[in-house]
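Enquirer: predicted model and sequence below, questions to follow.
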Amino acid sequence: MNGRQIRAARALLAWSQADLCKEAGISRATLNDLENETGDPRRSSINRVEDAFTKHGVIFLGEGDTRSGGPGVRLAID
């Protein structure tokens, strides 16, 4: 999960940064570091963000994932 994927996932859910911070239980500063790929965020913060998105149906696609042509995000089919 990279910064562009986090921003894209927020857009899929129509979440502001504040919405994600609340859902994941992280600070705005931590989220800014994750989205801008700066600093050295804790693994627990990354996991909390990923868990918040997954809980709401976001699927992260990694390098080499051929489901949709490569890295990105999408919503799960209900």
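Expert: Arrived safely.
Enquirer: please count neighbours and contacts with C-alpha atoms only from this point.
Expert: Will do.
Enquirer: the longest helix that the chain contains: what's the following helix or strand?
Expert: Ranked by residue count, the top helix of the chain under DSSP state H comes out as helix 43-55. Scanning forward in sequence from helix 43-55 by DSSP states H and E, the next helix or strand is strand 58-61.
Enquirer: what pairs with that following strand, parallel or antiparallel?
Expert: Sheet pairing of strand 58-61 (DSSP bridges) gives strand 72-75 (antiparallel).
Enquirer: now the partner strand: how far from the chain's centre is it?
Expert: 10 Å (C-alpha atoms, centre = their mean, to the nearest Å).
Enquirer: which residues are in contact with it?
Expert: 5, 8, 9, 12, 57, 58, 59, 60, 61, 62 (C-alpha atoms under 8 Å, 6 or more residues apart in numbering).
Enquirer: any low-confidence regions in this structure?
Expert: Applying pLDDT under 70 to the chain flags residues 64-71, 78.
Enquirer: by neighbour count, which of the contacts of strand 72-75 wins?
Expert: Greatest neighbour count in these, by other C-alpha atoms under 10 Å, goes to residue 9: 24 neighbours.
Enquirer: let me know whether that residue touches residue 50 as I believe.
Expert: No - under the criterion of C-alpha atoms under 8 Å, residue 9 makes no contact with residue 50, lying 9.8 Å away.
Enquirer: list the buried residues for stretch 37-56?
Expert: In terms of neighbour count (16 or more other C-alpha atoms under 10 Å), stretch 37-56 has its buried residues at 45, 46, 48, 49, 50, 52, 53.
Enquirer: is it true that the fourth one touches residue 24?
Expert: Which is residue 49. Yes - assessed by C-alpha under 8 Å, residue 49 is found in contact with residue 24 at 5.2 Å.
Enquirer: and residue 24, how far is that from residue 77?
Expert: Plainly put, residue 24 is 22 Å away from residue 77 if you go by C-alpha to C-alpha, to the nearest Å.
Enquirer: between the two, tell me which one has more neighbours.
Expert: More crowded of residue 24 and residue 77, by other C-alpha under 10 Å: residue 24, with 19 against 6.
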